[in-house]
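Colleague: Based on what follows, work out the 3D shape:
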Amino acid sequence: MEVKIKDLYEERRPREKAGLYGISSLSEGELLALVIGSGTKGKNALECASSLLNGYPSLSSLSEGAISLRLKAEGIGKAKAYALAACFELARRLNREGVLKGLSLEPHDLYLRYRERLSKLRGESLLVIYLDHRNKPLREVEPSRGKSLTFDPKSIVAEGVMINAKGMLLFHNHPSGIPMPSKKDIDSTMILYKTAQQFNLPIIDHIIIVGEGYFSFAEEGLIKGWG
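Modeller: I've put the predicted structure just below:
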């Protein structure tokens with residue numbers, strides 16, 4: 001027999017609980033129940049949310065399922081999947097907005113900022129962050145995504161010069177899970193470094209990101225060695 005949310009004690013109903021104690025008091029299941037809105041025959045929204053959480057090892061993997069609309073849970077149709085996908089995308093954009101407002105240039109901090117975004121991509125992606133004179137991000141572009149790292153150094157530098165950038169941060173992922181740079185990674189970064197140097201546009205760092213680690217060109221002394 002289905003137990004309807006309206007039949008629960010007030011403090012167990014997600015909406016009422018949020019009103020009494022604040023939205024941060026809600027569990028992950030209760031937050032998902034609010035987004036889902038309603039249950040299905042035989043299950044209320046809280047039970048649907050619980051089934052959804054049980055189908056994934058983490059919120060991160062659940063977010064990937066939502067965005068691809070491949071959610072594994074009874075009662076989650078396309079409309080609810082889109083609502084969940086929208087919530088996760090807003091969270092990503094909020095995190096990105098926080099990154100753009102204030103950015104630590106410490107390699108480990110940068111790794112933590114961009115790990116979620118880059119580490120689970122199936123192909124290699126290059127992300128370029130252009131910085132102003134205070135190291136505040138001006139713009140980000142993705143000049144390469146595919147089976148391997150391929151980009152045009154002149155185009156990357158030209159965009160930086162056009163927006164009067166004072167420095168660049170480079171990030172890319174290794175789907176293999178091994179952060180060590182290949183010879184191609186090193187050679188292509190060095191070519192970009194030397195091209196950018198002609199326009200007084202330094203590369204602050206190039207960080208290769210995987211799920212459980214990173215490689216920083218600056219931290220390992222590679223960039224300093226090209227100067």
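Colleague: Could you list the paired strands of the top strand by length along the chain along with their orientation?
Modeller: Counting by DSSP state E, the longest strand found in the chain is strand 137-146. Strand pairing for strand 137-146, using DSSP bridges, gives strand 124-131 (antiparallel).
Colleague: Just give me the neighbour total for residue 94.
Modeller: 10 (other CB atoms under 10 Å). Backbone N, C-alpha and C define where each C-beta goes, glycine included.
Colleague: Got the confidence number for it?
Modeller: For residue 94, the pLDDT comes out at 72.
Colleague: Then residue 90?
Modeller: So, for residue 90, pLDDT stands at 83.
Colleague: separation between residue 114 and residue 178?
Modeller: Plainly put, residue 114 is 17 Å away from residue 178 if you go by CB to CB, to the nearest Å.
Colleague: Look at the two and report which has more neighbours.
Modeller: Between residue 114 and residue 178, counted using other CB under 10 Å, residue 114 has the larger neighbour count: 22 against 12.
Colleague: so what's the nearest residue to the more buried one once chain neighbours are set aside up against?
Modeller: Leaving aside its sequence neighbours, residue 114 sits nearest to residue 171 (CB to CB, 6 or more residues apart in numbering; 5.3 Å). With contact taken as CB atoms under 8 Å, 6 or more residues apart in numbering, residue 171 is in contact with 110, 114, 118, 126, 127, 129, 206, 207, 208, 209.
Colleague: can I get those residues in a markdown table with pLDDT and distance to residue 92?
Modeller: Shown next, in a markdown table, are those (pLDDT from 0 to 100; distance: CB to CB, whole Å):
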| residue | pLDDT | distance to residue 92 |
| --- | --- | --- |
| 110 | 89 | 17 |
| 114 | 87 | 12 |
| 118 | 88 | 12 |
| 126 | 92 | 19 |
| 127 | 93 | 14 |
| 129 | 93 | 16 |
| 206 | 96 | 23 |
| 207 | 96 | 19 |
| 208 | 95 | 21 |
| 209 | 94 | 16 |
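Colleague: Helices - which of these land there?
Modeller: When the contacts of residue 171 are checked against helices (DSSP state H), the matches are 110, 114, 118.
Colleague: Quick check: which element contains the nearest residue to residue 108 once chain neighbours are set aside?
Modeller: Once flanking residues are discounted, residue 108 sits nearest to residue 214: 7.6 Å by CB to CB, 6+ apart. Using DSSP states H and E, residue 214 sits within strand 213-216.
Colleague: buried sites along whatever helix or strand comes next after that strand?
Modeller: Scanning forward in sequence from strand 213-216 by DSSP H and E, the next helix or strand is helix 222-226. For helix 222-226, a neighbour-count test (16 or more other CB atoms under 10 Å) marks 222, 223 as buried.
Colleague: now do stretch 135-142
Modeller: For stretch 135-142, the neighbour count (16+ other CB under 10 Å) marks 137, 138 as buried.
Colleague: what about residue 47, distance to residue 76?
Modeller: According to CB to CB, residue 47 stands 12 Å off from residue 76.
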